[in-house]
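Engineer: Kindly return the folded structure for what I paste below:
(one chain, ligands or ions: 1)
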Amino acid sequence: MSNGEQLNLFRQPNSQPSTPAEINTELIPTNVKIPIPQGSYDNMELLTQHCQSCQRCELGATRLNAVVGRGNIKAPIVVIGEGPGQNEDETGLPFVGKAGQLLEKILAAVKLDSEKDVYICNIVKCRPPGNRVPTTEEIAACKPYLLEQIRLVNPKIILLTGATAVKGLIGDRRGITKIRGTWIEWEGRLCMPIFHPAYLLRNPSRERGKPKWLMWQDIQVVRAKLDELTV
Ligand code: URA
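Structural biologist: Predicted coordinates for the structure are as follows:
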């Protein structure tokens, strides 16, 4: 009798499979009912392939490209956005439009290199039509991929850009204005909610107390924490 058959003997009739060995990982992209247990992926390549063919939610029907991530897959900082926009859908890369250019500037202002110091990804991998906010179902369908990405990168710090990223990853429904700039511990990792760069594009004032000024404060706190953690 094989090990798998022996395990099945001990499983309760309706219980979920508990180890990656027990599920057929090839089925992951086909149906949201297939679980994605922690440890399903041992590299970003297979996860990327699965995202590119994924039909776990309706966004799979309208995307041009799944947008998985860019940057250093061993970076100390993971930046999480909401979801791809048009530029990202067309290129397959996150944060490459106007908001992305501003994100690059913000990171560069504290000498964070987007190729070396950060890995950038999103709550959902596929563009919501018309850039609407992803639904709870879409977020839930995609979340196990994100959890695997975080596990593989193993960052010291996670930056959550905007309320959808905060709600989508850690389930905190407080407004971003209330919680930005504060450290939140999630699953043993340090998370910092920050404004979404697109919000800063709509609020360009640099005056003290305005969103751009607050972002400058927050990113300096992040830089200081990274320095503290890497001595
Ligand atoms: N906004 C996001 O939240 N993510 C992107 O990748 C681009 C814009």
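Engineer: Leaving out sequence neighbours, find the closest residue to the closest residue to the ligand within the chain.
Structural biologist: Nearest residue of the chain to the ligand (C-beta to the nearest ligand atom) works out as Gly81 at 2.7 Å. For glycine as for every other residue, the C-beta is placed from the backbone atoms N, C-alpha and C. Nearest residue to Gly81, sequence neighbours excluded (C-beta to C-beta, 6 or more residues apart in numbering): Asn122, at 4.5 Å.
Engineer: And the pLDDT for the one you found?
Structural biologist: Asn122 carries a pLDDT value of 99.
Engineer: Quick check: pLDDT value at Glu22.
Structural biologist: You'll see Glu22 listed with a pLDDT of 72.
Engineer: if we can go back for a sec, residues contacting the residue of the chain closest to the ligand?
Structural biologist: Pro94, Phe95, Ala99, Ile120, Cys121, Asn122, Ile123, Thr161, Gly162, Ala165, His196 (C-beta atoms under 8 Å, 6 or more residues apart in numbering).
Engineer: Kindly report the same for Leu147.
Structural biologist: Per C-beta under 8 Å, 6+ apart, neighbours of Leu147: Ile36, Gln38.
Engineer: which element is it on?
Structural biologist: Applying DSSP states H and E as the criterion places Leu147 in helix 136-153.
Engineer: and the closest residue to Asn31 other than its chain neighbours, how many residues sit next to it?
Structural biologist: Excluding its sequence neighbours, the residue lying closest to Asn31 (C-beta to C-beta, 6+ apart) is Arg56, at 6.7 Å. Arg56: 25 surrounding residues under other C-beta atoms under 10 Å.
Engineer: and the helix holding Leu147, C-alpha only, in PDB?
Structural biologist: C-alpha atoms of helix 136-153 as PDB (Å, rounded to 0.1, in the frame of the first residue of the first chain):
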ATOM      1  CA  THR A 136     -14.500  39.900  -2.000                       C
ATOM      2  CA  GLU A 137     -14.800  36.600  -4.000                       C
ATOM      3  CA  GLU A 138     -12.000  37.700  -6.400                       C
ATOM      4  CA  ILE A 139      -9.700  38.600  -3.500                       C
ATOM      5  CA  ALA A 140     -10.400  35.300  -1.800                       C
ATOM      6  CA  ALA A 141      -9.800  33.300  -5.000                       C
ATOM      7  CA  CYS A 142      -6.400  34.900  -5.500                       C
ATOM      8  CA  LYS A 143      -5.300  35.200  -1.900                       C
ATOM      9  CA  PRO A 144      -3.600  31.800  -1.600                       C
ATOM     10  CA  TYR A 145      -1.300  32.800  -4.500                       C
ATOM     11  CA  LEU A 146      -0.300  35.900  -2.600                       C
ATOM     12  CA  LEU A 147       0.300  34.000   0.600                       C
ATOM     13  CA  GLU A 148       2.600  31.700  -1.300                       C
ATOM     14  CA  GLN A 149       4.400  34.600  -2.800                       C
ATOM     15  CA  ILE A 150       5.000  36.100   0.600                       C
ATOM     16  CA  ARG A 151       6.100  32.800   2.000                       C
ATOM     17  CA  LEU A 152       8.600  32.300  -0.900                       C
ATOM     18  CA  VAL A 153      10.000  35.900  -0.700                       C
END
